[in-house]
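Undergrad: what shape does this take:
(chains A and B)
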Amino acid sequence: MSRIIATYGRLLATAMGQTLLLALYGLFFACIIGMIVGIMSVVRSRICRFIAAVFVNLIRGVPMIVLAYFIYFGVPYFWNTILGRGGMTLTALQAGSICLALNCGAYMAEIIRAGIEAVDVGQMEAARSLGLPWWRSMVRVVMPQAIRMMIPSIINQFIITLKDTSILSVIGFPELVNTAKNVVAATFMSFQTWAIVGVMYLIVILLLQWAAKALERRLKYGT
Amino acid sequence: MGHKDNVMIHVSHLKKSFKQLEVLRDISLDVREGEVVVIIGPSGSGKSTLLRCLNRLEEADGGEIVIGGVDITDKKTDINRVREKVGMVFQHFNLFNNMNVLRNLTLAPVDLKKQDRETAKQKALEMLGRVGLSDKADAYPRQLSGGQKQRVAIARALCMLPEIMLFDEPTSALDPEMVGEVLDVMKHLAHIGMTMVVVTHEMGFAREVGDRVLFMDGGLILEEGTPEEIFGNPQNPRTRDFLNKVL
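TA: This is a model prediction of the structure:
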């Protein structure tokens, strides 16, 4: 095991860096998608709610590996060959980030919708009764309370998404699992390599959980 | 009492249904400036719905509602401007849990640019003084008792300098020993000439403070009159039956 760490430690650390980079891009855009779609699913407009529901159900209904192949291979093929426009290429990082953002975004949208709906309607009514417009009431009163309730679920989703980056090894992105496969192929030491990789994921996720707990404590009101 | 003849609230032939259920069948009502109108009646009679129609928390299905000269059943009306002038107090207080008392009171005045931050703060402290909670400015809602929460809620509405105050069963969620402190604040408001519509089960309050009492049942106003008329000599058998049960 020490031989693996000595020889491949840097490589695996770099790969963990790539995993984190991919997760970071994915989560960043997932938060934006989740926020937009989540709010679309609580507004009055039926069209907005319908679009949001279609998006969420579509993404949730397709395994991420299929989504990854579709975005990485399918979309450029559609653009270049079927439409005949040509010139479109997606890097594995781009395709992977889009894939994570869509997938995680759909689940985030559900978390955000549920969070908003969990805030007592009286909060919105009280804000509206004072003359605040819907949007202002949402931003000032409902969202801050919803987000506080959502934090555990959001962190949970972050962790799932971080682990889901491993699925993107199938499109050849040099993240941790993909790199570890190469290490195993070169050394045949699968027990040691996968143990190291497992511990690496574990450490990152425990750190994330610890940070989340600290954040949650800071956001308590009136203590 | 020196009431002016200004009609602050004019409701005519108001109708409201939830799905198949007709909650308000044909409501007509005028409230004059400085008048305190108390609405009583059994649960499910539509009294809360009527109140909530008056600031369009519920949309009317038919009829007309004019608040301070503005027709709020007109889709073109900017309801937010009307709501600034119509304070509402809820059964469950609905204080903003994510803000301390002072922020609860200053949020709307500052956000809607009615007052600058400093003026709003002074006004808020003055209103807190009026409801007897000057020492609670920094407290969060969850640190307050029910009665204190409701008094803060009244102060919050007053910070917008409303011309009308609506009270939706303001004491129904309170422990009995806290009812008095809230009613005292409401009595004070009535005495300084605030136009008020109060839905309540507090018959003592209705009798003592109400200029006019309405009895509602089944989505209709079945009887209205002075407290003496309604409590002393009710005409409608349903009113009599209801009062027998609650008094």
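
Undergrad: enumerate the residues of chain A near chain B.
TA: Within chain A, the residues that sit near chain B (C-beta under 8 Å from any C-beta of the partner chain) are A:120, A:122-123, A:125-133, A:136, A:140-141, A:144-145, A:148, A:221-222. Placement of C-beta: from N, CA and C, glycine included.

Undergrad: mind giving me the ChimeraX select for those, buried ones only?
TA: The following ChimeraX line selects those of these that are buried, judged by 16 or more other C-beta atoms under 10 Å in any protein chain shown:
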select /A:123,125,126,127,128,129,130,131,132,133,136,140,141,144,145,148
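
Undergrad: ok, which stretches of the chain are helices?
TA: This is for chain A. A:2-40, A:46-60, A:64-69, A:75-77, A:92-118, A:121-129, A:134-137, A:143-164, A:176-187, A:190-218 (DSSP state H).

Undergrad: wait, chain B
TA: Ranges of helices in chain B, per DSSP H, are B:47-53, B:79-83, B:101-111, B:117-130, B:146-158, B:176-191, B:203-209, B:227, B:237-246.

Undergrad: separation between A:R128 and B:M203?
TA: Per C-beta to C-beta, to the nearest Å, A:R128 is found 31 Å from B:M203.

Undergrad: what of B:Q91?
TA: Distance from B:Q91 to B:M203, by C-beta to C-beta: 17 Å.

Undergrad: got any ranges where chain A has weak pLDDT?
TA: A:221-223 (pLDDT under 70).

Undergrad: go with 80
TA: A:1, A:219-223 (pLDDT under 80).

Undergrad: neighbours of the residue of chain B found nearest chain A, just the number please.
TA: Residue nearest to chain A within chain B: B:Y140 (2.6 Å; C-beta to the nearest C-beta). Counted with other C-beta atoms under 10 Å in any protein chain shown, the neighbours of B:Y140 add up to 20.

Undergrad: equivalent analysis for A:T89, please.
TA: Around A:T89 there are 9 residues (other C-beta under 10 Å).

Undergrad: who in chain B is up against chain A?
TA: Selection of chain B residues close to chain A by C-beta under 8 Å from any C-beta yields B:55, B:57, B:80-84, B:86-88, B:90, B:92-98, B:100, B:107-108, B:111-112, B:139-143, B:153, B:156-157, B:160.

Undergrad: among those, name the buried ones.
TA: So, of the residues of chain B next to chain A, B:55, B:57, B:80, B:82-84, B:86-88, B:90, B:92-98, B:100, B:107-108, B:111-112, B:139-141, B:153, B:156-157, B:160 end up buried under the neighbour-count rule (16+ other C-beta under 10 Å).

Undergrad: ok, and the closest non-adjacent residue to B:G62?
TA: If the residues on either side of it in the chain are set aside, B:G62 comes closest to B:K15, at 3.8 Å by C-beta to C-beta, 6 or more residues apart in numbering or on different chains.

Undergrad: hmm, I typed the wrong one, I wanted A:A146.
TA: Nearest one to A:A146, counting by C-beta to C-beta, 6+ apart, is A:G115 at 3.9 Å.

Undergrad: relative to A:R44, how far out is the one you found?
TA: 18 Å.

Undergrad: so which of the two has more stuff around it?
TA: A:G115 (22 against 7).

Undergrad: what sits against the more buried one?
TA: A:38, A:146-147, A:149-150, A:153 (C-beta atoms under 8 Å, 6 or more residues apart in numbering or on different chains).

Undergrad: 7 Å - rerun?
TA: A:146-147, A:149-150 (C-beta atoms under 7 Å, 6 or more residues apart in numbering or on different chains).

Undergrad: again with A:I154
TA: A:108, A:111 are the contacts of A:I154 under C-beta under 7 Å, 6+ apart.

Undergrad: that older thread, quick one, which of the helices of chain A is nearest to B:A190?
TA: helix A:121-129 (20.0 Å; C-beta to C-beta).

Undergrad: for that closest one, give me every contacting residue.
TA: A:134, A:137, A:140-142, A:145, B:55, B:57, B:83, B:88, B:90, B:92, B:94, B:96.
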